[in-house]
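> I would like to see how this sequence folds:
(chains A and B)
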Amino acid sequence: MIFRYLLILIILFPIKAFSLIEVDITRGNLSPLPVAVSPLSVDSESKKSFEKLLKKKNIGAEISLVVENNLLKSGLFNPLDKDAFLQNPNIAHLKPRFEDWALIKAQALITGTVTLADEKLRVEFRLWDVLAGKEMIALAFTTVPTNWRRVGHIITDKVYERLTGEKGYFDTRIIYVAEEGKKTNRIKKLAIMDQDGFNTKYLTLGNELVLTPRFNPTNQMVTYLSYFRNLPRVYLLDIETGIQEVVGDFPGMTFAPRFSPDGKKIIMSFAMDGNSDIYTMDLENRVVEKITNHPSIDTSPSYSPNGKYICFNSDRSGYQQIYVMKSNGRNVKRISFGKGIYGTPVWSPRGDLIAFTKMHKGKFYIGVMRTDGSGERLLTENYYQEAPSWSPNGRVLIFYRETKTDEMGEGFSAKLWSIDLTGYNERLVDTETDASDPSWSSLLSN
Amino acid sequence: MNLGKIFRNILLVTLACLALSACATQKKSTGQMQGDVYTGTDTVEYLASGVPDRVFFATNESILTTKSRDTLRKQAAWMRKNSDLTFVIEGHADERGTREYNLALGERRANAAKDYLMTYGVSGNRLSVISYGKERPVNSGSNPLAWSQNRRSVTVKAN
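Numbering: from 1, shown residues only, chains lettered A, B, ... in the order given. Sure thing, here's the model as predicted:
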């Protein structure tokens, strides 16, 4: 183990000495990069207007707190304690005194300003390499003031992208099922929140059971299962207008819906007479197509990002296993062959991996394998957990976990968790209520 | 001598513990399960005198046991006598499976019960099915007995 880390150090060291800072996200990060997030400076006039508008005393500090939290939770960065900062935020943004920042061991520095002009929030920020004494990013943008948390997320995305070389996942949302009440009769509502747990909104009232919500690629629509009028069917919900409609006209339960990568189709299971098969429905012309035709349970379909393949869950071998086929249903091939049974396959947005839930000897695992089934890697083990969903950059998985109840059947809870593809950085995701069935949106901006 | 005494005491305590725990575990499952199919009457309700409303399944299975078939024949006989009634058959799974697969499994179980009722002369028009997957357990416990009570199909009067 130690030997491996030494090797990594040796390989990285000479590269680091010659170039600007880089953060490697392909392995578990053992020493997160020390970064100083200087509070964004606000002129006194803007400060007053922001306070009136947003009820926040210092919007600059609030935005940098959003950035800091994002960086910390990514596991790749170590935001330094602000009390140790020597330089004033407004001066640091113009010309950082790099010796001061190097003194507190900062390797990267984020500075910026926020102003209110024509009722718009204008932010300007810079990322600096402290040791090289160089500017790495300088960007400015404007938005409506109520979007101030998103400003923090966009800054984090830019910083993450510059330092890791890959797109971020911070200006995103999670749709999930909010849960309350007794385990034997849970009340479930659709809920949506920012990736960091803020701005929670409830999209249904809890009058009927709802399950498994998933975003379309533009994040405007959600497909999910609702038990409205005791008829479990796949629904489509427009988040802006709140308009809901049943998908298709099936004489039985439809479930396990997802959008195709172009957003034009919904793929789902339809159960009839004890048999579940996979179907698609074209949302423009309403044409329904049967994709699998097998007297076993075929469910949990998920498209590859190019739309050419579908992975799904089937018990045609006797137990739940993962299969891959062409999007027309041809060339069905089983890919899971390890010990135990497998469910909920979901194709990575990068196309190279499939995440899954595995059940073996009374334990539940979240894992990944290559699309041909090779290279299986289990990331986390627990009493009960399932339903991974990928961050849009394919680096993080969000899933839900349920607790074991005690002898009296008490103590049940369901929570969202996230873990890096590396198997490190496992974290509880804050939600207002108990939560399950998370689905990660794509990036809202850029 | 002293050491021998200690060993004997340890042995006695261990035996006592084993005996106690054996009692404790036996009490929980005595006569309640066969294999992992629930055979007790704890959560069962009755459609009419002597007509239980539910049947139980083994893990991952939708095969009807001898006892389940017996229960369903009783249901069918009673349904034939009460031909004005319609029914919903609810299929359920335990918490030890993924949500989407469990929805399909619940549907399969409900249909296994429906098919059997139909072979005993109940018209399919009077029987609809709904799967709840693992969403509506009757026993909130996290143990084999609770799971066995939750793997069920329940016949419910619809009118």
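> And the most centrally placed residue in chain A, its phi and psi?
A centroid search over chain A (Cα atoms, centre = their mean) returns residue A:391, at 3.6 Å, as the residue closest to the centre. Recorded main-chain torsions at residue A:391 are phi -70, psi 150, according to degrees, to the nearest 10.
> Give me the pLDDT value at it.
According to the prediction, residue A:391 has pLDDT 98.
> Contact partners for it?
Residue A:391 makes contact with A:169, A:172, A:397-398, A:440, according to Cβ atoms under 8 Å, 6 or more residues apart in numbering or on different chains. C-beta here means a position set from N, CA and C on the backbone, and glycine is covered the same way.
> Farthest-apart pair in those, please.
The most widely separated members of the contacts of residue A:391 are A:172 and A:397, with 13.6 Å between them, by Cβ to Cβ.
> So the two - more neighbours on which side?
Neighbours were tallied for residue A:172 and for residue A:397 using other Cβ atoms under 10 Å in any protein chain shown; the higher tally belongs to residue A:397 (25 against 22).
> Mind listing the residues bridging to the more buried one?
The residues paired with residue A:397 through beta bridges, assigned by DSSP bridges, are residue A:390, residue A:419.
> For residue 134, give me the backbone phi and psi.
Defaulting to chain A. Dihedral angles for residue A:134 - degrees, to the nearest 10 - are phi -130, psi 150.
> The chain in question should be chain B.
Here the main-chain torsion angles of residue B:134 (degrees, to the nearest 10) amount to phi -100, psi 10.
> Any idea how many residues pack against it?
Number of residues near residue B:134 (other Cβ under 10 Å) recorded here: 22.
> Pull the contacting residues for it.
For residue B:134, the contacting residues are B:92-95, B:97, B:99, B:102, B:106, B:150, by Cβ under 8 Å, 6+ apart.
> repeat that for 10 Å
Contacts for residue B:134 were tallied using Cβ atoms under 10 Å, 6 or more residues apart in numbering or on different chains; they are A:402, B:92-99, B:101-103, B:105-106, B:147, B:150-151.
> Over to residue A:291?
For residue A:291, the contacting residues are A:267-269, A:277-280, A:298, A:301, A:310, A:312, A:325-330, by Cβ under 10 Å, 6+ apart.
> Intersect the residues you listed with the contacts of chain B.
Of the entries in the contacts of residue A:291, those that also sit close to chain B under the rule Cβ under 10 Å from any Cβ of the partner chain are A:268-269, A:277, A:298, A:301.
> Please enumerate the helices of chain A.
Listed in chain order, the helices found in chain A under DSSP state H are A:2-18, A:44-54, A:59-74, A:89-94, A:98-103, A:148-164.
> can I get these in JSON lines with distance to residue A:289 and mean pLDDT?
Written out in JSON lines, the entries for the helices of chain A read as follows (distance: least, Cβ to Cβ, whole Å; pLDDT from 0 to 100):
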{"stretch": "helix A:2-18", "distance to residue A:289": "49", "mean pLDDT": "41"}
{"stretch": "helix A:44-54", "distance to residue A:289": "49", "mean pLDDT": "94"}
{"stretch": "helix A:59-74", "distance to residue A:289": "40", "mean pLDDT": "97"}
{"stretch": "helix A:89-94", "distance to residue A:289": "56", "mean pLDDT": "91"}
{"stretch": "helix A:98-103", "distance to residue A:289": "59", "mean pLDDT": "96"}
{"stretch": "helix A:148-164", "distance to residue A:289": "37", "mean pLDDT": "97"}
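> among those helices, which is nearest residue A:263?
Shortest separation from residue A:263 across the helices of chain A is recorded for helix A:148-164, at 22.2 Å, computed as Cβ to Cβ.
> got the angle between the closest one and helix A:59-74?
Helix A:148-164 runs at 50 degrees relative to helix A:59-74, counting by axes from the mean of the first three to the mean of the last three Cα atoms, to 10 degrees.
> buried set for helix A:148-164?
If you call a residue buried by 16 or more other Cβ atoms under 10 Å in any protein chain shown, then helix A:148-164 has these buried ones: A:148-160, A:162-164.
> And for stretch A:69-85?
Under 16+ other Cβ under 10 Å, the buried positions of stretch A:69-85 are A:69-80, A:85.
> Max pairwise distance over those residues: which two?
Of all pairs drawn from the buried residues of stretch A:69-85, the one with the longest distance (Cβ to Cβ) is A:75 and A:85, at 22.9 Å.
> Quickly list the domain ranges of chain B.
As assigned by automatic domain parsing, chain B contains the domains B:1-30, B:31-157.
> Return every residue with contacts to both of residue A:172 and residue A:397.
With contacts taken as Cβ under 10 Å, 6+ apart, the residues that reach both residue A:172 and residue A:397 are A:391, A:440.
> where exactly do the strands run in chain B?
With DSSP state E as the definition, chain B shows strands at residue ranges B:33-34, B:37-38, B:46-48, B:51-52, B:54-56, B:87-92, B:127-133, B:152-157.
> I'm done for today, thanks for sticking with me.
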